[in-house]
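Colleague: show me how the following folds:
(chains A, B and C)
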Amino acid sequence: MNQTNRLQGGLVDRTKPLNFTFDGKALRGYAGDTLASALLANGVRLMGRSFKYHRPRGPLTAGSEEPNALVELRSGGQREPNTRATTAELFDGLEAQSQNRWPSLKRDALAINDVMSNFLAAGFYYKTFMWPKAFWEKLYEPVIRNAAGLGRLSMQPDPDSYDKGFLHCDLLVIGAGPAGLAAALTAARAGAQVVLADEDYVLGGRLIAERMELNDAPAGEWLAATLAELQAMPNLRLMPRSTVVGAFDHGIYGIVERVSDHLSVPVEGKPRQILWRTYARRAVLCTGAIERPIAFERNDRPGIMLAGALRAYANRWGVAVHRRAAIFTNNDDGHRSAADLAAKGVGVCAVIDTRADAPRSELYEVIAGAEVIDTHGRLGLENISVRLANGRTRRIDCGALGVSGGWNPNVSLLCHQNGRPAWNGDIAAFGPGEKIPPGLRVAGAALGQFSTAAALVSGAEAAQVALADLGTAAHLPELPRAEDAPVRIAPHWYVRHGKGRAWLDQQNDVTVKDVKLAHREGFRSVELLKRYTTLGMATDQGKTANMGALAIMAELAGKTIPETGTTVFRPPYTPVAMGVLAGRARGKAFRPTRLTPSHAWAEQNGAVFVETGNWLRAQWFARQSETHWRQSVDREVLAVRASVGVCDVTTLGKIDVQGTDAAEFLNRVYCNGFAKLAVGRTRYGLMLREDGIAKDDGTAARLAQDHFVVTTTTANAVSVFRHMEFARQCLWPELDVQLISTTEAWAQYAVAGPNARNLLRKIVDPVFDISNEGFPFMACGRVTVCGGLRARLFRISFSGELAYEIAVPTRYGDALMRELMQAGEEYGVTPYGTEALGVLRIEKGHAAGNELNGQTTAAMLGMGRLVSTVKDSIGAVLSRREGLSDEDGLRLVGLQPVSAADRIVSGAHLINLDSETSAKCDQGWVSSAAHSPHLGCSIALAFLRGGASRIGEIIRVVSPLEGTDFDARIVSPHFIDPEGGRLRA
Amino acid sequence: MIINHPLLGPRDAQEFSYLGDARLIERPDPAAPDAAQQFFDYLYLRENPAGSHRELWYHEQGDRSWLVVTRNTLTHEITEVELARNVALARGGRN
Amino acid sequence: MRYSGFRILKEGLTGHKGWRPAWREPEPQAAYDYLIIGGGGHGLATAFYLASVFSKARIAVLEKGWLGGGNIGRNTTIIRSNYMLDGNEPFYEFSMKLWEGLEQELNYNAMVSQRGILNLSHSDAQRDAFRRRGNAMLMNGADAELLSREQVRKMAPFLDFDNARFPINGGLLQRRGGTVRHDAVAWGYARAADKRGVDIIQNCKVTGFRMNGGTITGVETTRGYIAAGKVGCAVAGNSSRLMAMAGMRLPIESHVLQAFVTEALKPVVPGVITFGAGHFYVSQSDKGGLVFGGDLDGYNSYAQRGNLPTVEDVAEGGMALMPIIGRARLLRMWGGIMDMSMDGSPIIDRTPIDGLYFNGGWCYGGFKATPASGYAFAHLLATDTPHTTAGAYRLDRFLTGRMIDEKGMGAQPNLH
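Modeller: So this is what the prediction gives:
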């Protein structure tokens, strides 16, 4: 078999033969072919199986509205299921496999469903499979799931890359057919920035699918000249292979450009596809029209397709679907298909026209007032039965049947902003409704302007009006002379005949009978019809199916079609690869990675890193001898308690607060007082949300009368800054205060442990007195380090030890870390990570993220008295609500297992000794737990009903998830140095 | 969506974070005798119209301005954008 | 008419001529004892339980559009009872138990499919929170398992375990979680309620409430005035609009949540999986489409559609979690309007107006609650006392400070 059905002409390049395979069989086509046209050229009509009945199917269309010819393209990780053969551009080496069949396309075991179809009518599954109850999940559903689905994912990560881009234009022209080209020409000549996007790889729309003349010459001549002109214009971007998939708010359109899908592998450095977020001041929708079928019995055989598709295959690709073709139509356009086929040398054996007054032709036999009532041929059409006007039946041999029930304006994008199409009786179809996306105009066949001449004019005029909106005068270009035939159509939705099935939605196997059943059972709204029968829910969104079904429902309900209404198309216009919507945000690049100033140093020193939001922080520093993380963490903790450790705390949010009202501002933002904080002093601050729940905590250091440095937790750095800006701009705009985030500007290290001061003395320039007296606990100030480098020093402690935090400009962060390590050698200075930081703060009883979880109050955290009652602050009023101030509510306590062998886990719950383990008896939960090397046992912080009043009691710590249940002693949350002597040492 | 920032011109709404009802500017007087009720109203009973809505957006990935955007919740059409600080100042000491 | 495999055989052999409408299309009566506003899942379930469990009669459901056309028709079909707080978990577990017997009770196959829901964790803190939650679930009689990274890997080897920006460190699994065919829930309840005499009146929009001295007497509709003894509102998404007609303001904002489905594929995902480090959750329908979603668009909206940034954000989450879906194609996306409450939890309560009852604030979690919500609302309507599992869903809890805030986001509806 070697392209036996290839005709003369067409837009394929016969000098470029391309080899490809379908189900392993080697075939050959030409550059310019789609997979479907190449298969048809080789006499292959059977390309797929339907979803439910596994009926043999060939292409219905020659475009993206295709319901049937879906294949798996490519192999390995690049396997792409459900790819439309009708749009897949042929390339050399293309591999395609049929899908949803077993063992082979020709012999598909699940075709048994077709035999059983009487029992598988619409919605049958809602009425059965209920007994016995357990069988649904164990038997029925697995069988159904395995039978359902279309193609297979490769189950491998997609090896290709995707990109995103942004486009801005005055006018986006969607579709490069006659209307779109006229629109683009009009706008571009006026100097506007224009984007012209078309889903096809050849621009021209119907111009390339027709045997048509413009200016009395083949349309291709005008098309080539026009494209050449557009191509040369710097203010116009010509985008073939680019589908406008969605119309979003305010003139934003999503365009998917298929950069590499026509190549066997993407060119090095090029993505497979690009998602262009396109900001268009105005847009023109020139998406043409989509032909619709007429339903008749067994109208789904391979070889039966839309008449316009039949002629597109002949004209554009030089392919006869079969050497003997018939046409079934209710309108004049069907005759054009017949004439084109005849001109290409295809044998047109009959045109069956439902209209008694059908036009006559000398080229082919016209059977007027007739209908196709049945078809035959197991895996492809062999002949059709025609009911003649006189009621007799005639059988006609043909291998291709083109069906034309008229054309529907392609208005999908108009529905994307809640618009509903409106009925246009002139063309017996739904066209643009009143509500369409603002800034978008419709032109050409999408507007119901079905002649080429009218499409050209309407495209040009739409562009002119759109530019006038923008204040640009555009002149209408001289448009070519073109056919201007009126539309003549006599609506005919389905053929009333016998008991066989007549398909409406071919992919989902929805037939006329199903619509009748839905009507009988009360699913009469178009939305219920859709959901009950699955009409229009296939991969084509019912572009060729919905109209017929709606018309039938209208007829059954005794209503008009506009009264019955229509469902809407959802974005995207055609299905979009998940990969391109994600772009480069996958794998490690899913989110940005923020590195701390000491990252490089930490990497060189055995750090194991942990994700903390977008930051990577050192979790611990493993030494060679250490085989378990606990060894490293215990060592780091003990080193801090015994001598000195250094931890990078740059990730804490830092906000500079300046202005004459800075103190007053903080006084209102924190629940505790800040107005009287002295210069050179630091204070712990607790911030509430307006609802009285703790939001965040940190410190505020007063560097000058009008200058504070506020720290936040790492997790809340962004939201606290936003909150403070809200307070500044919206609540108290009269205050003289300015904010700026300096998180990235300063590298900051905690230096903690009894030798912290000794170490810092070697770093901080000697002119600064950092003695206990000169720089006591909670002092802060500007200093210089290492011989003149500006720095900030805070004597604050998270660990409970004598501790400082020292900050230098970020670019010196790495150097300072190395200086600290070198200077601290004599004290055995130890870098410590977030794990040790966590253990140290739990030992000290400091709340952190697990405690500040958005559900806890100051009272719960043991800081109820911090909330000032003498001043206003955010959250103060609502924190006094009864539900937030229950005396016997949850309060923070410490826990220590009675048996040192037990290990408390965070997330365990607390149950009284004599109670059952049930929600009713729940006394609280463990928020943070750690092994304390200092105490040599497991310790925890927990929220417990009754809280501090129960210190000394024994309670059960249970984790039913892990089956653990043991006793623990309720203790103060301050496991170490409750008096704070170490801090002040 | 596109928000026409009074200082910066049109910006993609993706650069902003959303807070909601612009009445959140009108924080009640904490000293009022019925402050608890007023704060409850203020914080919880926000405007939620199907139609024109004055709402707060924050230019987080931009200049950090809080804006009062008047937007139709049925159509998403934006009819006015103001600097929230100016709106708050115009209320003039009603705090 | 009873549905059964036998009935299908019989109808299949006789040309399906015997099927009857699943529900009547009655004209509204002048008066009812119970009027339920909203012919979505919750409203229909309420009517069903009022009639079946509480043996009430003279019940009507008023639906402004078509039956099941609200959020029951546009959600991602997930059922679960994996909540943490006392106010929530017993209610959702009650709902789960109702799901488990629903099909037999309704004689309608809603395809309740307990294939499990797996919440992934990516940090120690997240796992700690899961442990707290899982323990609360177990202590409330639900099921929960805490999985290690290796256990997750065994269950879902197609997730990104080797190159993830936020590596999976484990997960919380509820095996009894899963999915249900959402439309069928509305149809099943409608058919069963109709069979018990409930009038389901479609295309009947409520335009006002009629009251007499603080007591409701009936509702004005596009099909005339209908008198009522008690009126229950279950119109989540539009609660603020409806209750404003009764002069009420609610602690609720309306937000759009987008949902997505891919083209049908052979089985990929066994149950429901949620990503813990981005906005993405996914299941696979019986038909084969990957059904997924992410976060709210984030702004108040009644438009039932969203925008591109959220689409991209959700797709990024999907590709980060399971890069095998790169070549699966997004088929359709749509938006539903969520009643986002101020603490992320619902409200089932009486209102200050006698005879007027409110059910709403379901955020994006209303679907799984459908049976329990209907049951509890029917209980409240019938007995004037809250159902034991729904006692915390009070309208005044924001005034008293007894919020039920699972996520700890506070009065910021778009963060719940």
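
Colleague: residues in contact with stretch A:601-618?
Modeller: For stretch A:601-618, the external contacting residues (CB atoms under 8 Å, 6 or more residues apart in numbering or on different chains) are A:591-596, A:598-599, A:619-624, A:629, A:648, A:651, A:714-715, A:814, A:817-818, A:821, A:831, A:833-834, C:122-123, C:165-167. Bear in mind the C-beta positions are built from the backbone N, C-alpha and C, glycine included.

Colleague: look up phi and psi at the residue nearest to the spatial centre of chain A.
Modeller: Nearest to the geometric centre of chain A sits residue A:581, at 5.5 Å (CA atoms, centre = their mean). The phi/psi pair for residue A:581 (degrees, to the nearest 10) reads phi -70, psi -30.

Colleague: residues contacting the closest residue in space to it that isn't next to it in sequence?
Modeller: Spatial nearest neighbour of residue A:581, chain neighbours left out: residue C:315 (3.4 Å); criterion: CB to CB, 6 or more residues apart in numbering or on different chains. For residue C:315, the set of contacting residues under the criterion of CB under 8 Å, 6+ apart consists of A:578, A:581-582, C:330.

Colleague: pretty sure residue C:315 is in a strand, no?
Modeller: No. According to DSSP: H, G, I helix; E, B strand; the rest coil, residue C:315 belongs to no strand; its state is helix.

Colleague: do you know the pLDDT at it?
Modeller: For residue C:315, the pLDDT comes out at 98.

Colleague: from residue C:330, how far out is it?
Modeller: Using CB to CB, to the nearest Å, residue C:315 is found at 7 Å from residue C:330.

Colleague: joint contacts of those two?
Modeller: By CB under 8 Å, 6+ apart, the residues touching both residue C:315 and residue C:330 are A:578, A:581.

Colleague: now the strands for the stretch 251-400 of chain A?
Modeller: Using DSSP state E, counting those that start in this stretch, the strands of the stretch 251-400 of chain A run over A:252-258, A:273-285, A:289-291, A:304-306, A:324-329, A:347-353, A:366-368, A:371-376, A:383-387, A:393-397, A:400-404.

Colleague: do the same with the stretch 101-250 of chain C
Modeller: Shown for the stretch 101-250 of chain C, the strands assigned by DSSP E, counting those that start in this stretch span residues C:117-121, C:145-148, C:170-174, C:178-179, C:199-201, C:206-212, C:215-221, C:224-233.

Colleague: of all those, which lies closest to chain B?
Modeller: If you check each of the strands of the stretch 101-250 of chain C against chain B by CB to the nearest CB, strand C:206-212 wins as the nearest, at 14.1 Å.

Colleague: can you list the buried residues in that closest one?
Modeller: By neighbour count with 16 or more other CB atoms under 10 Å in any protein chain shown, strand C:206-212 contains the buried residues C:206, C:209, C:211.

Colleague: partners of that strand in the sheet?
Modeller: Taking DSSP bridges as the criterion, strand C:206-212 pairs within the sheet with strand C:215-221 (antiparallel).

Colleague: buried ones in the partner strand?
Modeller: C:216-219, C:221.

Colleague: for chain B, what's the longest helix?
Modeller: Counting by DSSP state H, the longest helix found in chain B is helix B:35-44.

Colleague: thinking again about what came up before, and the residue nearest to residue A:581, how far is that from residue A:740?
Modeller: When residue C:315 is compared with residue A:740 (using CB to CB), they lie 34 Å apart.

Colleague: then residue B:57?
Modeller: As judged by CB to CB, residue B:57 and residue A:740 stand 20 Å apart.

Colleague: give the contact list for residue C:170.
Modeller: Applying CB under 8 Å, 6+ apart, we find residue C:170 in contact with C:120-121, C:127, C:130, C:146-149, C:151-152.
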